[in-house]
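Trainee: with the sequence up front, the predicted model follows.
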Amino acid sequence: MTLSLFEINPALDRAALRAKFLEHGRVQVRDFLKPEAAQTIRGVLERETPWGLACQAGEEPHTTLRPEQIQAMRPEERQALAQKIYGAAARGEYAVRFANYPMLEAYLQGWDRNGPLALLLEHINDAPFLQLARDICGIPELRKADAQATLFAPGDFLGPHTDSHVAEGWRVAYVMNFAPADWHPDWGGYLHFLDEDGDVVEGWRPRFNALNLLRVPQSHMVSYVAPFAPARRLAITGWLRDR
């Protein structure tokens with residue numbers, strides 16, 4: 001498997017996308033890759049990704065569990081973890097649950113340096129994608145990106161947050177969506193933007209082959225994926241940095 005097909009759609013109207021980003025602080029770039037590239041990446045996420053679990057309950061530290069750690073847990077331990085996460089969310093505390101593969105950590109630690117996800121991380125940090133981000137966001141200082149693969153299945157969600165780590169060089173959050181093209185609104189998994197009163201002011205479907213770019217910090221969340229959702233919300237997410 002090669003990711004040489006990671007080719008950006010040359011027909012994108014970068015000036016129009018930039019105008020929208022500068023006005024609203026966010027933009028969804030539809031059909032941002034050539035169709036073959038998007039299908040290739042979706043295949044990698046569906047069939048070649050060893051999924052772990054990203055989770056957090058309230059003030060406890062954010063945790064990423066490797067697949068072998070999840071397999072070693074007893075059923076009652078998994079149930080207790082889920083109850084703790086849902087309990088924090090029920091109390092209005094920050095909570096997180098979704099499957100993930102930490103692409104940058106895996107790359108730096110050499111888990112699978114020649115695998116497709118490592119090659120994808122290299123593409124995300126190569127000139128064509130970084131220049132696309134600079135052109136749309138109007139931030140010439142963007143110089144690198146981290147990345148994780150994410151999978152939101154029924155019961156998964158990402159609580160409201162702002163991505164306020166500006167001291168770490170975070171400038172723009174990004175989401176490359178590879179969910180099924182027929183994703184239904186009632187399945188959940190939407191990227192919602194919130195105002196100061198907690199009202200949803202805009203919501204984006206996890207549209208296949210769409211790139212979401214949002215200036216940080218700003219309040220947003222991924223809505224709960226419904227128990228009856230028959231598909232999984234697949235994406236590559238991370239932050240574009242100036243250092």
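Mentor: In hand now; what should we look at? Bear in mind that the values here come from a model prediction, so they are computed numbers and not experimental data.
Trainee: which residues of this protein score low on pLDDT?
Mentor: Scanning the chain with the threshold set as pLDDT under 70 gives 1-5, 165-167.
Trainee: spatially central residue for it, please.
Mentor: T237 (2.8 Å; C-alpha atoms, centre = their mean).
Trainee: next up, the contacts around that residue.
Mentor: Going by C-beta atoms under 8 Å, 6 or more residues apart in numbering, T237 touches 147-148, 150, 173-176. For the C-beta atoms, the positions are set from N, CA and C on the backbone; glycine is no exception.
Trainee: A147 contacts L120, doesn't it?
Mentor: Yes. Using C-beta atoms under 8 Å, A147 is in contact with L120, at 7.5 Å.
Trainee: quickly list what's touching both of the two.
Mentor: Residues touching both A147 and L120 by C-beta under 8 Å, 6+ apart: 103, 236.
Trainee: residues touching the strand or helix carrying E105, excluding its own?
Mentor: Using DSSP states H and E, the element containing E105 is helix 103-109. Where contact means C-beta under 8 Å, 6+ apart, the residues beyond helix 103-109 that reach it are 64, 112-113, 117-118, 120-121, 146-149, 236, 238.
Trainee: hmm, try it at 7 Å
Mentor: Contact with helix 103-109 is made by 112-113, 117-118, 121, 146-149, as judged by C-beta atoms under 7 Å, 6 or more residues apart in numbering.
Trainee: quick check, nearest of the residues you listed to G25?
Mentor: D146 (20.5 Å; C-beta to C-beta).
Trainee: residue contacts, the closest one?
Mentor: Contacts of D146 (C-beta under 7 Å, 6+ apart): 104, 238-239.
Trainee: out of those residues, which is most surrounded?
Mentor: Ranked by neighbour count (other C-beta atoms under 10 Å), the contacts of D146 have G238 at the top, with 22 neighbours.
Trainee: roughly how far does the nearest residue to that one once chain neighbours are set aside sit from V201?
Mentor: Counting by C-beta to C-beta, 6 or more residues apart in numbering, G238 lies nearest to A147, which is 4.1 Å off, once chain neighbours are set aside. For A147, the distance to V201 equals 27 Å [C-beta to C-beta, to the nearest Å].
Trainee: which of those two has more neighbours?
Mentor: Set A147 next to V201 and count neighbours by other C-beta under 10 Å: A147 wins out with 24 against 11.
Trainee: residues contacting that one?
Mentor: 103-104, 121, 124, 236, 238.
Trainee: and those, which two are furthest apart?
Mentor: Most distant of these, by C-beta to C-beta, are L104 and I236, 11.3 Å apart.
Trainee: ok so, going back, give me the subset of the contacts of helix 103-109 lying in helices.
Mentor: 117-118, 121 (DSSP state H).
Trainee: show me which of these are buried.
Mentor: The neighbour-count test (16 or more other C-beta atoms under 10 Å) marks 117-118, 121 as buried among the ones in helices among the contacts of helix 103-109.
Trainee: which of those lies closest to A15?
Mentor: Distance to A15, by C-beta to C-beta, is smallest for L121 among those, at 28.5 Å.
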